[in-house]
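K.L.:
Task: produce atomic coordinates for the following.
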Amino acid sequence: MTAQHRIEEQLTDEVIASFARTPDPRLKELMEALTRHLHAFIRETRLTEAEWTRAIEFLTAAGHITDDKRQEFILLSDVLGASMQTIAVNNEAYENATEATVFGPFFVEESPLVGVGGDIAGGATGTPCWVSGTVRDTSGNPVPNARIEVWEADEDGFYDVQYADSRVAGRGHLFSGEDGGFAFWCTTPTPYPIPHDGPVGALLDAVDRSPVRAAHLHFMVSAQDFRTLVTHIFVEGDPQLEIGDSVFGVKESLIKRFEEQPAGAPTPDGRALGDKPWARSRFDIVLAPSQ
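P.N.:
Now for the predicted structure:
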């Protein structure tokens, strides 16, 4: 062991020892592991002081651009795959339960109640789309009264909270029926870029990565005695699936067919769409038990 190696090891050990009296054992575990891995990264890459300063400036810029409508740190976590890795660790595969994926930065509490057969679009632009399915447990039993939160971007790639006004569009919630069934109108998802006008976008530019997400529709499904499911469905045939999703959220089991319907084709609930084409998709959800 060289003198330089001893100096670096001693510092790491000293910092880890500083957490010895932490009363919360989990916090102690996290801080010690973070210190070990952070110091190992600095030593492995021989990080320069200029690079460390640039990293601090990057994080500072992420903080400055973050507000109640935009969370740059979630975007950073997403594009580094940290969000998906955390989801993988905390949502272990369980029998035939639906797979989870990223939460994203654009969920808003207290979305409108649209009811079964309602329309979450709320004026959002895009091709009308009918989505139906069931919520069941892993044994195939229906899960009634499950709360189903749904949100999406409009056809221009923006969520309602990204607009300067106070519109509420492209989001809503409903509850599954006694048979576990649900259905609602939305707009057919389209690919869009994550916000890339800030430090995370600059990072993607620097590493020659696209900010574009594959077309998707967000779901969060919760019911008593079941693990809350945060997931998406993706559009079969979307070219972005081949290029890659900027936040690594795609899973094969979540790619669904969105069947295009010609203008004038009868809708499932008799809704009159005039001369508009529309689409339909099905998503059967299976919830894992809460334990």
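K.L.:
W130 bridge partners, please.
P.N.:
For W130, the beta-bridge partners under DSSP bridges are W185, R280.
K.L.:
For it, give its distance to R43.
P.N.:
56 Å (C-beta to C-beta, to the nearest Å). Bear in mind the C-beta positions are built from the backbone N, C-alpha and C, glycine included.
K.L.:
between these two, which one's more packed in?
P.N.:
Between W130 and R43, counted using other C-beta atoms under 10 Å, the more crowded position is W130 (23 against 15).
K.L.:
Quick one: residues contacting the more buried one.
P.N.:
A183, F184, W185, T267, P268, D269, W278, A279, R280, S281 (C-beta atoms under 8 Å, 6 or more residues apart in numbering).
K.L.:
can you check A146 too?
P.N.:
So A146 contacts V135, F175, S176, G180, V221, S222, A223, F226, I285, L287 (C-beta under 8 Å, 6+ apart).
K.L.:
next one: F19
P.N.:
Per C-beta under 8 Å, 6+ apart, neighbours of F19: K28, M31, E32, T35.
K.L.:
gap between the nearest residue to the second one once chain neighbours are set aside and E8?
P.N.:
This means M31. Nearest residue to M31, sequence neighbours excluded (C-beta to C-beta, 6 or more residues apart in numbering): F19, at 4.7 Å. Applying C-beta to C-beta, the value for F19 to E8 is 19 Å.
K.L.:
go on, P144?
P.N.:
From P144 to E8 the distance is 59 Å (C-beta to C-beta).
K.L.:
again with I285
P.N.:
Remark: distance between I285 and E8 (C-beta to C-beta) = 50 Å.
K.L.:
same check, this time on T138
P.N.:
49 Å.
K.L.:
hmm, back to that, mind giving me the ChimeraX select for the contacts of W130, buried ones only?
P.N.:
Only the buried members of the contacts of W130 end up in this ChimeraX selection, burial being decided by 16 or more other C-beta atoms under 10 Å:
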select :183,184,185,278,279,280,281
